[in-house]
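[1] I'd like to go over a predicted model; first the sequence, then the structure.
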Amino acid sequence: MDSLTFESDDLGETEEFLSHAYARMRIGSTTPAASTARVHRESTSSFSVDEIDLNFEMSYSVNPLGRICLCVVHEGTVQDHVFRGVRDSFVPGDTVLFAPDDLPYAGRICNARYNITMLDPGLLDQVAAPSGARPAERVRLTGHRPRSRAAGDRLRTTIFYLRDHVLAAPDGAAEPLIVAAAGQLLAANVLAAFPSTARTDPTARDRGDARPDTLRRAVAYIDDHADQPITVADMAAAVHVTIRTLQYAFRRHLDTTPMAYLRRVRLAHAHRELLAADPHSGVTVAAVAARWGFAHPGRFASLYRDAHGTSPADTLRG
C-alpha cells in the first residue's frame, strides 16, 4: 500500500502534482491568489482512494486516466463536467462516475471537498463478464449516474469502508488477501450501482454447464488456493466455465456464492490457526484475521462467532 499527501497554494505546483497523480491535465483559476489544494491518497496496485480539498474555483481539462474514476462530493459543487455524450453538475451527496477509463473530461471544481476513487477496469472483469460479447471484450460502464439513490449510497458506504477500515489499517492493508478482496468488493459494488455491459443472469448453456461435477472441481480449486488472492474469474478459468456458470452452480447446489464459500474456507483456516497458536507467543486475533483476508476485526469476530459459537479471542486463549 502507498500513501501520499500534497498541499500547496501555488497553481503551477498543483497542476504538476495532479498531472503526475492522475493524468496530463491543464488547470486554471479565477482566484489564483487564494488557491490552496490539499490531497491525501491511499492506494493499492488496483485501486486508490483520494480525499481532495480545493478552497478555490478550478477549471480542469484532463487526458484519459486509464482507470475508472468515481467521485463523491462532500462539500461545494462540480459544475459543467463533460465527457463524450455527458454534461452534468454534481452537488454534495452525489456519487458518480467521473470519467470512463478511456475518455478525456473537463469541468470546474467550485470550492469543493470531495473523494476520488480510481480502480483498474480489469477489476470489473474479475467479478462479471460482458453480455453477449466476444471473450476479448471487457465489461464497461454505460451510465455515469447510479441506477438509484440507494445504489449510490451503498457504493459510497463501500468506498468509505475501504478508506477507513482497509487502507487505514497499516497491517491489514499489506495483506494480499485483504487487498484482493477489497478490490473485488469495490468492483462488485460499482457494477451494482451503475448500468453496464455486464451480464449476471445465466444463459441456457450456463445452466447446462452448472453440473455437480463443475461445483466439485470449483470447490477443490478453492480449497487448494484459499491462501492466495484468487478471484471469481480465476475460479471459473480453473474449471473451464464462464463466471455466470460458476455463480449459478454455487447458487443452485449450495445456495451461496463462490466468494461466500471462499470466505467460509478462509474462516475455517483462521479457526485452525487460532486453535493451534500459543497465546503467549505474541499471536493476535487481528493478525490471524488479516492473514486470511478479514480486514475488519469486528466483522471477523461476528462471522467467527456465527460459525463456531465462540469468539476468536476465546479460541486463542484455549
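    Sure, I can see it.
[2] When you work out contacts or count neighbours from here on, use the C-alpha atoms and nothing else.
    OK.
[3] Next secondary structure after the helix or strand harbouring residue 77?
    Assessed by DSSP states H and E, residue 77 sits inside strand 68-83. Sequence-wise, the next helix or strand downstream of strand 68-83 (DSSP H and E) is strand 86-90.
[4] just how off-centre is the helix or strand following that following strand within its chain?
    As assigned by DSSP H and E, the chain's next helix or strand after strand 86-90 is strand 95-99. Distance of strand 95-99 from the chain centroid (CA atoms, centre = their mean, to the nearest Å) equals 14 Å.
[5] so what strands line up beside strand 95-99?
    Note on strand 95-99: by DSSP bridges, its sheet partners are strand 68-83 (antiparallel).
[6] Residue 35 - that's part of a strand, no?
    No. Assessed with DSSP: H, G, I helix; E, B strand; the rest coil, residue 35 is coil; it does not lie in a strand.
[7] need the contact list for it.
    Applying CA atoms under 8 Å, 6 or more residues apart in numbering, we find residue 35 in contact with 8-11, 29, 54-57.
[8] Let's see that with 10 Å instead.
    8-11, 14, 28-29, 54-58, 111 (CA atoms under 10 Å, 6 or more residues apart in numbering).
[9] List the buried residues of stretch 2-12.
    7, 9, 11 (16 or more other CA atoms under 10 Å).
[10] Then stretch 66-85?
    For stretch 66-85, using 16+ other CA under 10 Å, the buried residues are 66-74, 76-83.
[11] With stretch 234-251 instead?
    With burial defined by 16+ other CA under 10 Å, the residues of stretch 234-251 counted as buried are 234-236, 239, 241-250.
[12] And stretch 97-114, by the same measure?
    For stretch 97-114, by 16+ other CA under 10 Å, it's 97-101, 104-114.
[13] So which of these sits lowest on pLDDT?
    The weakest per-residue confidence within the buried residues of stretch 97-114 falls on residue 99 (89).
[14] what's that one in contact with, if anything?
    Contacts for residue 99 were tallied using CA under 10 Å, 6+ apart; they are 62, 64-71, 81-84, 86, 105-106, 118, 141, 144.
[15] distance of it from residue 182?
    Distance of residue 99 to residue 182, computed by CA to CA, to the nearest Å: 21 Å.
[16] go on, residue 53?
    Residue 53 sits 25 Å away from residue 182, going by CA to CA.
[17] which residues pair with residue 129 across the strands?
    Here residue 129, judged by DSSP bridges, has bridge partners residue 199.
[18] For the remainder of this discussion, apply numbering that starts at 581.
    Yep, numbering from 581; the last one is residue 709 now.
[19] Report pLDDT for it.
    74.
[20] That one reaches residue 777, doesn't it?
    Yes. At 8.2 Å, residue 709 and residue 777 qualify as touching, with contact defined as CA atoms under 10 Å.
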